[in-house]
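1. Pasting a predicted model and its sequence here:
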Amino acid sequence: MKRSVRTFALAAVLAAVVACTIGAAPSGADGVTNPKHFFWAAGESPQGTVNAAANDLVYHGGNLGAGSIGVQVKPAVYLIYWGPEWAAGFTTYDSNGTPYSSRTLQNYVNAFFGSVGGSNWAGVQTQYCRNVLAGTTNCKSDPQAEYITNPRGQLKGVWTDPTPVPDDIVTLGLAQNLVDDPIAVEAMRASAHFKYDPNATYIVLTPPKTIGAGQPVYCGYHTQTTSLDGFGNPYRIEYAFIPFLNAAWPLIGAGGCGMNNVNAANNSFGNGVFDGYSIVVGHEYAEAVTDPDNFFSNQDGWNDGSGSENGDKCAWTGTQNITLGGHQYAVQPMWSNEAFDATGNGCVVTR
C-alpha cells in the first residue's frame, strides 16, 4: 500500500510490555513498529487513484536496516483470528439478511490461503527478486537475481487467540501508532505461538467491534516491526491487519471493502458476502511478499516512484473471480512489469 505517513516519531522500546505478552518470543523483543501502508476503500485514498498505466515497479535495494530481506523469497502465511468472538462463534448477515457463521468466514479465508500457493495468480509476483541493483525493473537483467518463489502449502498455521481485542482497535490513532501498537504486539505473540519466520506474513483478523470515532475508510494495512531479540539480533515481523470488513463503515457502508464486489449473488461457501475478504487479504499478502521491509517508513522492495506497491497500482480495478482448490474467490489483479512492458496493461491475474 502507499506510504500514508511520511514522518517518523522516535519510538521507545517496549521490552517489558512485549515480554509479558508474547510468551516464548526472545526476551528483549520490543514493540516498536512503523507507519502503516493502508489499502483504502474504493474512492477513499487521500492521495487519489494511482494511474496503473504510468510506470513500472522499481527495486529499491533491499538493504534498509539489519534484518532487511527485500522480498519474501519463500512466502508463508500465518492467520490469527484475534478475539473471544472468534472462539465462541458469531453470526454476520448478507445484504438480504441471510445469516452466515464466523466459521464459514474462517473457512473461506483459510481455504483461500490453503490453495493460493502454486496458483497462477500468486505466480504474478515471481517475476520480482532481490540481490539486484537498486533501480532494477527487470530481474532478467541480472544473473545473480534471487526470485520470489511460489510454493504450494504457503499457509503454515491458523490460530484463534481468545484474548480480548480493544474496542477502539480500528480508530485512526491506533492504526498510526508507532509504539505500543496492539496489532504489532499480537503479531509478535503469534510469532511466539507458531515460530519466527522472516519470510512470513502474520495476518491478524479482528471480529465485529465498536466502530470508534475517527475510523478511517481503510480496509486493511501491512507493515513491519523494527525489533530485536534478547541477543540484539533483528526480530522484524511482517504483519497485516484486517478489520471486520462487512461492517457498515461510515461513508462507505458494508460494501465499501468489497462485499459483493464481484459476485452479486451469495452462496453457502461465502462467494459474494465474503468477496471483500479474498480481495483485501490477497492485496496485503501480495504486497508483503514483494515489499516487506518497512524501516521507519522507508520501503526497500518493489514499489514505484510514488511509493505504490503491486496491489496499489491495480486496487479496485478489474476485480474478478479466480478458481483455487475447486472454489471461486474474488481477487484484484496484481501489477506485472512484464505485462506492462509488453502490452501497456500491467494489471493481470496470471503469469
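-> Structure's in. What do you need?
2. Now the element after the helix or strand harbouring residue 190, going C-ward?
-> Assigned by DSSP states H and E, residue 190 falls within helix 182-193. Using DSSP H and E, the helix or strand that follows helix 182-193 in sequence is strand 200-205.
3. just checking, what packs against the helix holding residue 190?
-> helix 15-21, strand 76-82, strand 155-161, strand 200-205, strand 238-242 (3 or more C-beta pairs under 8 Å, 6 or more residues apart in numbering; DSSP states H and E). Bear in mind the C-beta positions are built from the backbone N, C-alpha and C, glycine included.
4. what bits of the stretch 51-200 of the chain have low per-residue confidence?
-> 51-53, 172-173, 179-180 (pLDDT under 70).
5. Could you check the angle the helix holding residue 190 makes with strand 155-161?
-> Here helix 182-193 runs at an angle of 120 degrees relative to strand 155-161 (axes from the mean of the first three to the mean of the last three C-alpha atoms, to 10 degrees).
6. Show me how far helix 182-193 is from its chain's centre.
-> 15 Å (C-alpha atoms, centre = their mean, to the nearest Å).
7. Now do the strands in the stretch 101-250 of the chain.
-> Using DSSP state E, counting those that start in this stretch, the strands assigned to the stretch 101-250 of the chain run over residues 129-130, 146-147, 155-161, 200-205, 218-224, 238-242.
8. Could you please name the strands the last one pairs with and the direction of each pair?
-> For strand 238-242, sheet partners with direction are given as strand 200-205 (parallel), strand 218-224 (antiparallel), following DSSP bridges.
9. could you pull out the strands for the stretch 251-351 of the chain?
-> Along the stretch 251-351 of the chain, counting by DSSP E, counting those that start in this stretch, strands occupy 294-295, 298-299, 302-303, 320-324, 327-331, 334-335, 347-348.
10. Please identify which of those is closest to residue 77.
-> Nearest to residue 77, of all the strands of the stretch 251-351 of the chain, is strand 320-324, at 13.5 Å by C-beta to C-beta.
11. Residues touching that closest one, excluding its own?
-> 111-112, 115-116, 119-121, 262-263, 271, 328-331, 333, 349 (C-beta atoms under 8 Å, 6 or more residues apart in numbering).
12. Now, of those, which are buried?
-> Buried residues within those, counting neighbours by 16 or more other C-beta atoms under 10 Å: 111-112, 115-116, 119, 121, 262-263, 271, 328-331, 333, 349.
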